[in-house]
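**Student:** Here you go, sequence then predicted model.
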Amino acid sequence: MSTPSITTEVRVPRSTGRPAPRAARRRRQRGAWARRAPLLPALLFMIVVTQLPFVGTLVISFMRWNALDPGNRGFAGIQNYKTEFTDPQLRSALTTTVVLTVSVVLVSLVLGLGLALLLDRKFLGRGIVRTLLITPFLVVPVASALLWKHALYNAEYGLINGSLNWVWKLFGSDNAPQTDWLSQSPKLAVEAALVWQWTPFMMLILLAGLQSRPTDVIEAARVDGAGNWQIFRYLTFPHLRRYLELAALLGTVYVVQNFDAVFTITSGGLGTANLPYTVYTTFYQAHDYGQASAEGVIVVALSIIVATFALRTVSSLFREETR
């Protein structure tokens, strides 16, 4: 009697040509690390140069550390920050920083918008005028402050008082007002120098926004009978809103950290000392390292807050451009 043979059929799965999910994920991860690996040295360098000093400053800001009293050193908690907001002199520096920043940014923004609208039109010599208007932004800040202090504000040989003498002599008078600008209007003197320096920066950003306008929409509006004011109000200004925000935020980040103009023009006197100058005097004159570190942390915190809004505005601009 023969026994039937039993055959077992083994099915081999067909190859689909696709890698397994885990292998594909690992391959993508290796590719991502291969692209990021060349950037690691630069990232480490940036961390060592920027983040570690800030961490050290943050730690010192919670310490009681004055070089003039070396025996009284230790942990102070938030006492340095309490002093920052309760000391009248420090509160005055904080108020001066806010007033100086807001006034300079707003005036620079308005003047930059006017100059951008002017340069957006075609006229003879526009390239030369554009180069001359950009020049103040290219001047070294200390040199710019020295120029305003000595060449313009000086009561004896400054250009402003000299121009007043010349105008008064045209009308037969030798009694022109000779104002000592640095002692009578110190804040205005610092603000004017900063406005002169930062107006070209605002102008460049707003000019880029004007040149990115859709020309077909503007031409259609003109065909429909819209005037220059109506085009500016309903087309140009809404288009420039993001650029105005970006210019204001970036200008605020830079002006809030300004030290050169205050130090060079007024030496922080007559109510012009802002937070960066106060950090300098607290550290190098009072030798209070803990208090100076707390002031520096506050400046950095304010800058980070404004920079966060600036980055959001930039990202929104990029999203609009890629649509």
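**Tutor:** Noted; the coordinates are in hand. Residues are numbered from 1 along each chain as shown.

**Student:** Mind pulling up the pLDDT for Glu321?
**Tutor:** Looking at Glu321, its pLDDT is 59.

**Student:** show me where the stretch 151-300 of the chain has helices.
**Tutor:** With DSSP state H, counting those that start in this stretch, the ranges of helices along the stretch 151-300 of the chain come out as 159-170, 181-184, 186-211, 215-223, 228-231, 237-255, 260-261, 275-284, 289-321.

**Student:** any idea which of those helices is most buried?
**Tutor:** Most buried of the helices of the stretch 151-300 of the chain, by mean neighbour count (mean count of other C-beta atoms under 10 Å): helix 260-261, with a mean of 23. C-beta: built from backbone N, CA, C; applies to glycine.

**Student:** which other helices and strands contact that helix?
**Tutor:** helix 141-146, helix 186-211 (3 or more C-beta pairs under 8 Å, 6 or more residues apart in numbering; DSSP states H and E).

**Student:** repeat that with 10 Å
**Tutor:** helix 141-146, helix 186-211, helix 275-284 (3 or more C-beta pairs under 10 Å, 6 or more residues apart in numbering; DSSP states H and E).

**Student:** Show which residues not belonging to it make contact with it.
**Tutor:** Residues outside helix 260-261 that contact it (C-beta atoms under 10 Å, 6 or more residues apart in numbering): 100, 104, 140-146, 148-149, 189-194, 197, 255, 272, 274, 276-277.

**Student:** Spit out the contact partners of Gly251.
**Tutor:** By C-beta under 10 Å, 6+ apart, the contact set of Gly251 is 101, 104-106, 108-109, 112, 194, 198-199, 201-202, 205, 306, 310.

**Student:** mind running it again at 6 Å?
**Tutor:** 105, 198 (C-beta atoms under 6 Å, 6 or more residues apart in numbering).

**Student:** could you measure it against Ala294, distance?
**Tutor:** The gap separating Gly251 from Ala294 is 26 Å, by C-beta to C-beta, to the nearest Å.

**Student:** do the same with Ser108
**Tutor:** Taking C-beta to C-beta, one finds Ser108 at 30 Å from Ala294.

**Student:** Ok, Arg36 next?
**Tutor:** Plainly put, Arg36 is 36 Å away from Ala294 if you go by C-beta to C-beta.

**Student:** ditto for Thr264
**Tutor:** In terms of C-beta to C-beta, Thr264 sits 25 Å off from Ala294.

**Student:** Same check on Ala145?
**Tutor:** Distance check for Ala145 against Ala294: by C-beta to C-beta, it reads 27 Å.

**Student:** likewise Pro186?
**Tutor:** Separation of Pro186 from Ala294 (C-beta to C-beta) stands at 26 Å.

**Student:** can you check Thr135 too?
**Tutor:** Computed with C-beta to C-beta, the distance linking Thr135 and Ala294 is 39 Å.

**Student:** what does Thr95 give?
**Tutor:** Taking C-beta to C-beta as the measure, Thr95 falls 17 Å from Ala294.

**Student:** and what of Asp224?
**Tutor:** Distance of Asp224 to Ala294, given as C-beta to C-beta: 59 Å.

**Student:** same thing with Asp288?
**Tutor:** Counting by C-beta to C-beta, the gap from Asp288 to Ala294 is 9 Å.

**Student:** picking that back up, of the helices and strands packed on helix 260-261, give the one that comes closest to Pro70.
**Tutor:** helix 275-284 (15.9 Å; C-beta to C-beta).

**Student:** name the helices or strands packed onto the closest one?
**Tutor:** helix 88-119, helix 289-321 (3 or more C-beta pairs under 6 Å, 6 or more residues apart in numbering; DSSP states H and E).

**Student:** just the angle between that helix and helix 289-321, please?
**Tutor:** 150 degrees (axes from the mean of the first three to the mean of the last three C-alpha atoms, to 10 degrees).

**Student:** what residues does helix 275-284 touch?
**Tutor:** With C-beta under 6 Å, 6+ apart as the criterion, helix 275-284 contacts 93, 97, 257, 259, 262, 268, 288, 291-292, 295-296, 299.

**Student:** can you do 10 Å?
**Tutor:** For helix 275-284, using C-beta under 10 Å, 6+ apart, the contacting residues are 67, 84, 89-90, 92-98, 100-101, 256-263, 266-269, 273, 286, 288-299, 302.

**Student:** just for this protein, where's the confidence low?
**Tutor:** Within the chain, the set of residues satisfying pLDDT under 70 comprises 1-20, 317-323.

**Student:** so how far is stretch 73-89 off the chain centroid?
**Tutor:** Between the centre of stretch 73-89 and the centre of its chain there are 28 Å (C-alpha atoms, centre = their mean, to the nearest Å).

**Student:** Pull out the buried positions in it.
**Tutor:** The neighbour-count check on stretch 73-89 (16 or more other C-beta atoms under 10 Å) flags 76, 80-81, 83-84 as buried.
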